Structure formats: structure tokens, C-alpha cells
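Undergrad: Based on what follows, work out the 3D shape:
(one chain, ligands or ions: 2)
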Amino acid sequence: MKPSIVLYKKLPADLHQRLEEHFTITEFDGITESNRSQVFDALQNAEGLLGSGGKIDKELFDHAPRLRAVSTISVGYDNFDVKELTRRQIPMMHTPTALTDTVADTVMALVLATARRVVNVAERVKAGEWNDNIGADWFGTDVHHKTMGIVGMGRIGLALAQRAHFGFDMPILYNARSQHKEAEEKFGARKCELDELLKESDFVCILLPMTEQTFHLIGKNELAQMKSSAILINAGRGPVIDEPALIDALKAKTIYGAGLDVFETEPLPKDSPLLSLPNVVALPHIGSATHETRYDMAACAVDNLIAALKGDVKQFCVNPEVLKK
Ligand SMILES: NC(=O)C1=CN([C@@H]2O[C@H](COP(=O)(O)OP(=O)(O)OC[C@H]3O[C@@H](n4cnc5c(N)ncnc54)[C@H](O)[C@@H]3O)[C@@H](O)[C@H]2O)C=CC1
Ligand SMILES: O=C(O)C(=O)CO
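TA: Numbering: from 1, shown residues only. Ligands and ions are numbered 1, 2, ... in the order given. Prediction:
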């Protein structure tokens, strides 16, 4: 008999079929408050769990006595209680390499859109405001040769450094817990303390995971250190920035603007002040959202689960300590 799994994300037909060759699938469209009890019932028999989004917590695992592997279609896994999975000796896999370049492209899009006010001026053209030669009220600020500060020099940070260095001739500063030789040797990046990075950078790009240490890492005091001409970009996780403090800084124009792909609450509430600030470009968490990359991420997650339930985890395990026997 094939092992049972719970799938909580719609997959492309061929990947669904690949899963069906190995497992009996019970499928849900996400895990939400309204379907949690049905998910609990399905988990009773499940040996695997595959999907993305939602809060995947101890209560869910308590309803999954046979669970042996968990696979997320994402690189971030802050929505999972990984400690609890580890306590239960259950491996969890993610999809780190499939999306790196696409997310770095999204960050560059945010940098350009915010600095050159692409969204703002395009809206003005559509509104019929382009009636004469444009004046300084349409101008933005340059990107090339400006200083790029990267907070979180991991896979995506490195891919961003590559773009900024080769594409835009930007000097690069980075803040990280350890030295990143490749970033230094290939892209001339310089490691510095967060305070220095905030003071010196024209673009401060946050590419951090959400952890206890990174929660509200950028707050009132950090924003106050940024140049009034600087732009803050966040494509890591929303709660890394204290959003009310950011809104205050943007309203007071103590920074030039912000390009945001992630927010403290997603979807962004309709009454968020961020939506009415002209110096903000807000995206709906599309960092990895291209057809190709979303397919590759799903394929990677499917393969991760198949391998794990065969007892053959080779890569992308976020709690490898459970594999050591
Ligand atoms: N906007 C989007 O759609 C996407 C967002 N992400 C987010 O981006 C994050 C980074 O992804 P990757 O680069 O693939 O991960 P990664 O693990 O390669 O890089 C994260 C880096 O942050 C560093 N870091 C962690 N805590 C830190 C701290 N307190 N201070 C300084 N550095 C710290 C780590 O050492 C690591 O180098 C993910 O965890 C996820 O939250 C990832 C993919 C898509
Ligand atoms: O993979 C992630 O962590 C995302 O945020 C979406 O791709």
C-alpha cells in the first residue's frame, strides 16, 4: 500500500502525477482556520506533509501520529514549528536553490522601481498627467554607482551583490554573522557593523530570515541612522522591520522611500498607511513568483518528500540533526 500524504498546495498536473505514483494524496487548498479540523482528520494517517504557507504548528503535528517527513515549497520556514519536528525526529526539507536568482531579480526591480519612481510616474502617465515636458517633480534618483548595503549575505544576498556589482557598478557593504569570502573576492563586498551599513548605504536591502534574533531588527533607532536620501528594501520577512516605525520615517521623509515585498501582516491590510504613501512600492510577496521558478520550487519539494519517505534525505534538510542515528 502506498503511504498517505497531505498536500495543501495545488501543484502542476505532472508534479501531482509524480506524487500520485508514490503516495495516496489528500488535498487541501491551504491550511486555514476554516479547514483545520478536516486537515486534522486527514493527518491521522499521513506519513508526509507537503505545501506552503499557513501556520504549521504543534497542534497539527499532534494530529499526525504517523508523520515521517515534511516538505515546504519555500526557502523560508519561519511558519513551521521546526523545534517540535526535531523533537519528534521528523526531517523537514525546503527549496533553497531553485528561487535564488528570481528573488534577487525582484530585489533589483524594487531598487529600480523605488529609486526611479517607476510605479508612481507610470500611474501619472495613465492618469493623463503627461501633457508637457516633464519637470523635476517626475525625477527619481540614480541607482548606478550608489552604495548597496546587504543585510543577510546568504544565497539571495550573494546573487544581489552580483547584480549590483556587475550590473550597476555599486560598492557593496554587508552585515553578516560571519565573513563571506566569495562576496568579498568576487564582488568587492565589505563586511561592516549594522550601524555603519545603515549610515553609509544608499540602498539598505534586507534579505534575512525571520528568527527570534531578526525580529524588529530594523526599528526606530536603525531607521534614524539611514541617510535622508536612502531607500529601504525588504524581501526577507515582514516582521524583521518594525512597520509602524517605518511608516513614521516615510511620512516624516527621514528616508527617501521603501520597496517592500513582505509585510508584518500579509496580505497587507487595506487600511495600511503604506498603501497611500507615494514613496513606497509595495509588492504582494512576489519574490519567487515566476512561472518557471514556482514550478522548479514545487518540483524540488515533491522530490524532497519522495526521497525523505524512502529514508533517503540527501539535501535541503533544515533539521539535519534528526538524520544522525
Ligand atoms: N520575498 C520572497 O518571496 C522571498 C523571501 N525569502 C526570504 O529570504 C530569506 C533568505 O533566503 P536565502 O538567502 O535563501 O537564505 P540564506 O540562509 O542563504 O541567507 C540568510 C542569511 O541571513 C544570515 N542571518 C541570519 N540571521 C542573521 C542576523 N541576525 N544577522 C545577520 N545575518 C543573519 C544568515 O547567516 C544567512 O547568511 C529567507 O529566509 C526568506 O525569509 C526567500 C525567498 C523568497
Ligand atoms: O520561499 C520563500 O521563503 C518565500 O517567501 C516565497 O518564495
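Undergrad: now stretch 219-234: mean pLDDT?
TA: Averaging pLDDT along stretch 219-234 gives 98.
Undergrad: Show me the beta-bridge partners of Val280.
TA: Note on Val280: beta-bridge partners by DSSP bridges are Ala258.
Undergrad: next one: Gly149
TA: Leu173, Val204.
Undergrad: tell me which element Leu223 falls in.
TA: helix 220-225 (DSSP states H and E).
Undergrad: Now do the helices in the protein.
TA: 13-22, 36-43, 58-62, 82-87, 100-115, 118-126, 155-162, 168, 181-187, 194-200, 220-225, 243-251, 291-309 (DSSP state H).
Undergrad: Please work out the angle formed by the directions of the first one and helix 291-309.
TA: For the pair helix 13-22 and helix 291-309, the angle between their directions (axes from the mean of the first three to the mean of the last three CA atoms, to 10 degrees) equals 10 degrees.
Undergrad: so what's the residue in the stretch 101-250 of the chain that ligand 2 sits nearest to up against?
TA: Nearest residue of the stretch 101-250 of the chain to ligand 2 (CB to the nearest ligand atom) works out as Val103 at 7.0 Å. C-beta: built from backbone N, CA, C; applies to glycine. Counting by CB atoms under 8 Å, 6 or more residues apart in numbering, Val103 makes contact with Ile156, Ala159, Ala235, Gly287, Ser288.
Undergrad: what pLDDT does the nearest residue to it once chain neighbours are set aside get?
TA: Distance criterion CB to CB, 6 or more residues apart in numbering; nearest residue to Val103, sequence neighbours excluded, is Gly287 at 4.2 Å. Looking at Gly287, its pLDDT reads 98.
Undergrad: got it, and Lys325?
TA: 66.
Undergrad: ok, now Val240?
TA: In this prediction, Val240 carries a pLDDT score of 98.
Undergrad: Relative to ligand 1, how far out is it?
TA: Val240 is 8 Å from ligand 1, where distance means CB to the nearest ligand atom, to the nearest Å.
Undergrad: so what's that residue up against?
TA: Ile206, Leu208, Met210, Thr214, Phe215, His216, Leu217, Ile218, Asn234.
Undergrad: Kindly write the ChimeraX command that selects the buried subset of these.
TA: Filtering these down to the buried ones (16 or more other CB atoms under 10 Å) takes a single ChimeraX command:
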select :206,208,210,214,217,218,234
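Undergrad: For burial, what's the neighbour tally of Val82?
TA: The number of residues packed near Val82 is 16, by other CB atoms under 10 Å.
Undergrad: let me redo that: Glu59
TA: Number of residues near Glu59 (other CB under 10 Å) recorded here: 12.
Undergrad: With Phe80 instead?
TA: Counted with other CB under 10 Å, Phe80 comes out at 23.
Undergrad: Having no further points to raise, I will conclude here.
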